[in-house]
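Visitor: need a structure here:
(one chain, ligands or ions: 2)
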Amino acid sequence: MIRPRRSLLFMPGSNARALEKARLLPADGLILDLEDAVAPDAKDTARDQIAAAVAAKGYGKREILVRINALDTAWWQDDLAMAAKASPDGILVPKVSTVEDIATVGNKLAELGADPAIRVWIMIETARGVLHAEELAAQKHDPKSRLDGFVFGPNDISRETGIRMLPGRSTMLPMITKCVLAARVHGLIALDGPYSDIGNVDGLAEECAQARDLGFDGKTLIHPGQIDACNAAFTPPAEDVAQARKILAAFDHPDNQGRGAIQLDGRMVERLHAEIARKTIAIADAIETSGR
Ligand SMILES: CC(C)(COP(=O)(O)OP(=O)(O)OC[C@H]1O[C@@H](n2cnc3c(N)ncnc32)[C@H](O)[C@@H]1OP(=O)(O)O)[C@@H](O)C(=O)NCCC(=O)NCCSC(=O)C[C@H](O)C(=O)O
Ligand SMILES: [Mg+2]
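Guide: Ligands and ions are numbered 1, 2, ... in the order given. Got it, this is the predicted structure:
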């Protein structure tokens, strides 16, 4: 099933107001966080509040992910046990660096008897994770892994490596492209990391447009005020959708049956463009169905 993933909003599981407010926000998905947005003393409260929020099923059709703590912490097993019971759409695992990390989570979910529908997403936010991005993405083909998506984590990459996060992201572009390529080769969803400068409306719009152009399916966000700009950047413009329909209609025309390339409005169009057109229409239809 294609679902829109233009905007996935992070919120601290410890912030009851944010969990409540999220019921009415137009993000395509929500990431209920137990990791970096939650102070050590608040982990237990956050876990309980997320369990209750997911169980209440008040988020409609939005995709719900729970981000657990990293596998080298004392919290992750309790986090995973809660998530396995609460059954969100997915579990987001931070700081994944190796194939063994993915196997550890997959095996634990099996041991917990978690619903097979629960998917696993991983954050690519360590130097090792970036270097092994393709090997990690290939775990998608192992059903036990439940792997479905990558989320890029620029803040942790910067923390670990000293590579700075700059406007325009020139320092991060090679890593981003590597992650997107790895995700595409193995059929994963790829989401961009968050933009921290909450008050910078223009900067956010630029980064959303850049994320779209770099091939991401959507972007993770940290504040409700970022949702509309992000949705707008990742929504196919009406003229693109109309053009996509025109391309499919042209290839369906009896004169063009069996032709690989045709001329449409003075431009060459090949069957690969029909494939792109089908994707554009599918995502536009999914957005329309979502009502957001
Ligand atoms: C950054 C914030 C701490 C700012 O919070 P605050 O000062 O309360 O903001 P506002 O006063 O502007 O809030 C206005 C209202 O919106 C609600 N709100 C704010 N943020 C959220 C949210 N994320 N989800 C839902 N609702 C939210 C406030 O409650 C106010 O509501 P109201 O009372 O009705 O006025 C805060 O925005 C925040 O905590 N953001 C999320 C931080 C987070 O989750 N961080 C972790 C993800 S990013 C990351 O981990 C990096 C990555 O891993 C990497 O390595 O790169
Ligand atoms: Mg991080």
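
Visitor: CA atoms for contacts and neighbours, from now on please.
Guide: Will do.

Visitor: residue 71 is in contact with residue 100, isn't it?
Guide: No. Residue 71 is beyond contact range of residue 100, at 10.8 Å (criterion: C-alpha atoms under 8 Å).

Visitor: out of the two, which sits in the busier spot?
Guide: Neighbour totals were compared for residue 71 and residue 100, and residue 71 leads with 17 against 11 (other C-alpha atoms under 10 Å).

Visitor: now the more buried one. Nearest residue, chain neighbours left out?
Guide: residue 101 (7.5 Å; C-alpha to C-alpha, 6 or more residues apart in numbering).

Visitor: which parts of the top helix by length along the chain are buried?
Guide: Looking across the chain with DSSP state H, the single longest helix is helix 271-290. For helix 271-290, a neighbour-count test (16 or more other C-alpha atoms under 10 Å) marks 274, 277, 278, 280, 281, 282, 283, 284, 286, 287 as buried.

Visitor: which one of those residues is nearest residue 195?
Guide: Nearest to residue 195 among these is residue 287, at 22.8 Å by C-alpha to C-alpha.

Visitor: the closest one reaches residue 3, doesn't it?
Guide: Yes. Assessed by C-alpha under 8 Å, residue 287 is found in contact with residue 3 at 7.4 Å.

Visitor: rewinding a little: what's the longest helix of the chain packed up against?
Guide: helix 238-252 (3 or more C-alpha pairs under 8 Å, 6 or more residues apart in numbering; DSSP states H and E).

Visitor: could you list the residues in contact with the longest helix of the chain?
Guide: 2-4, 61, 235-236, 240-241, 243-245, 247-248, 251, 260-261 (C-alpha atoms under 8 Å, 6 or more residues apart in numbering).

Visitor: by neighbour count, which of those residues wins?
Guide: Each of the contacts of helix 271-290 was scored for neighbours by other C-alpha under 10 Å, and residue 4 scores highest at 27 neighbours.

Visitor: ok, now which ones touch that one?
Guide: Counting by C-alpha under 8 Å, 6+ apart, the residues that residue 4 touches are 28, 283, 286, 287, 290.

Visitor: quick one: the helices in the protein?
Guide: 16-21, 43-55, 76-86, 99-111, 127-131, 133-137, 154-161, 173-185, 201-213, 227-234, 238-252, 271-290.

Visitor: these two touch, right, the residue nearest to residue 71 and residue 72?
Guide: No. Using C-alpha under 8 Å, residue 101 makes no contact with residue 72, being 10.0 Å away.

Visitor: between these two, which one's more packed in?
Guide: residue 101 (18 against 9).

Visitor: end-to-end on stretch 132-140?
Guide: 14 Å (C-alpha to C-alpha, to the nearest Å).

Visitor: same check, this time on stretch 257-273
Guide: Start-to-end span of stretch 257-273 (C-alpha to C-alpha) is 15 Å.

Visitor: likewise stretch 89-97?
Guide: Span of stretch 89-97 from end to end, C-alpha to C-alpha: 23 Å.

Visitor: check which residues of it are buried.
Guide: 89, 90, 91, 92, 93, 94, 95, 96, 97.

Visitor: adding pLDDT and distance to residue 66, write the residues you listed out as CSV.
Guide: Compiled in CSV, the buried residues of stretch 89-97 are given as follows (pLDDT from 0 to 100; distance: C-alpha to C-alpha, whole Å):
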residue, pLDDT, distance to residue 66
89, 98, 8
90, 98, 7
91, 98, 5
92, 99, 6
93, 99, 9
94, 98, 11
95, 98, 15
96, 98, 15
97, 98, 19
